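Enquirer: 3D model of this:
(one chain, ligands or ions: 1)
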Amino acid sequence: MNRSALPQTVTRPMVLVIEDEAALVTLLRYNLEREGFAVTEARDGEEALLLAREHKPDLVLLDWMLPHVSGIEVCRQLRRLPDTRSVPIIMLTARGEDADKVRGLDSGADDYMTKPFSPSELVARLRAHLRRARPEFTAEQLAYDDLEMDLVAHRVRRAGRDVHLGPTEFRLLRYLMEHPARVFSREQLLDAVWGRDIYIEPRTVDVHIRRLRKAINNGAKGDLIRTVRAAGYSLDREG
Ligand code: CA
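Expert: Next comes the predicted model:
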């Protein structure tokens, strides 16, 4: 399987912020990161289109007034890229006229906010769009077979019994529970759970899988992690 076909992040939705005003970018980054989003910023449309291909954002915040290429044009171009064709785009503008709003929505934007706006309202709208477009990010509970994960309380239970996991095993299990019955190679798990920017021996995955398997199988019936020879691992009830 192609490495680039993997999701960029397991837990944090990525917002691409396209805005040339540095103070506003700082404010947006501060508020979004505090609310659990990952942020990538672009100062103009050209950079935005490059970053959109590279990072495959889950949401786009797009300023109307940008240098070189207008926000409207950037919006049209994002809609033509396969990776951003259906990503929610929220336009930010200093203009408050209805005609502009219509033009923004006509160019493919999903929503529209007029500056100055309240960061908490912006976050609420982002969450609403994310819930529709990418429900897996806003799930509060995951379940597979007799295994349950509560993402809010950060708790795992199997057949009603608490399972205690370290932070890496928790993230690993979360990823597997988000993609049940799919086989992942060690490299794919490294990219998805540890991030692609750090180098870790693929064998490290085996160590954490062993710990995870021991923790979730302890006193329970059946092994929920399947080892696929020469391929990798999946969350799957055997037999
Ligand atoms: Ca601007």
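Enquirer: Quick check: next helix or strand after the helix or strand bottoming out on mean pLDDT in the chain?
Expert: Sorted by mean pLDDT, DSSP states H and E, the helices and strands of the chain end with helix 98-106, the least confident at a mean of 75. Sequence-wise, the next helix or strand downstream of helix 98-106 (DSSP states H and E) is strand 111-114.
Enquirer: Phe117: neighbour count?
Expert: By other C-beta atoms under 10 Å, 12 other residues sit near Phe117. In this view, the C-beta of every residue, glycine as well, is placed from N, C-alpha and C.
Enquirer: pretty sure it is touching Thr93, no?
Expert: No - at 9.9 Å, Phe117 does not count as touching Thr93 under the criterion of C-beta atoms under 8 Å.
Enquirer: before we move on, the earlier item: what's in contact with the least confident helix or strand of the chain?
Expert: Defining contact as C-beta atoms under 8 Å, 6 or more residues apart in numbering, one finds that helix 98-106 is touched by Trp64, Gly71, Ile72, Cys75, Met91, Thr93, Tyr112.
Enquirer: And for stretch 65-85?
Expert: Outside stretch 65-85, the residues that touch it by C-beta under 8 Å, 6+ apart are 18-20, 43-46, 48-49, 52-53, 56-57, 60, 62-64, 87, 89, 91, 93-94, 103-104, 107-109.
Enquirer: Pull out the buried residues from those.
Expert: 18-20, 43-45, 48-49, 52, 56-57, 60, 62-64, 87, 89, 91, 93, 103-104, 107-109 (16 or more other C-beta atoms under 10 Å).
Enquirer: Next one: Leu126 from Ala48, what distance?
Expert: Separation of Leu126 from Ala48 (C-beta to C-beta, to the nearest Å) stands at 17 Å.
Enquirer: Ignore what I typed, I meant Leu151.
Expert: Taken as C-beta to C-beta, the span from Leu151 to Ala48 is 31 Å.
Enquirer: Strands - which of the buried ones among the contacts of stretch 65-85 land there?
Expert: Residues of the buried ones among the contacts of stretch 65-85 located in strands (DSSP state E): Ile18, Val60, Leu62, Asp63, Ile89, Met91, Thr93.
Enquirer: Just flag the most distant two among these.
Expert: Using C-beta to C-beta, these reach their maximum pairwise distance at Val60 and Thr93, which is 14.2 Å.
Enquirer: mind checking the backbone torsions on the closest residue to His55 other than its chain neighbours?
Expert: Nearest residue to His55, sequence neighbours excluded (C-beta to C-beta, 6 or more residues apart in numbering): Thr40, at 5.2 Å. Phi and psi for Thr40, reported as degrees, to the nearest 10, are phi -120, psi 140.
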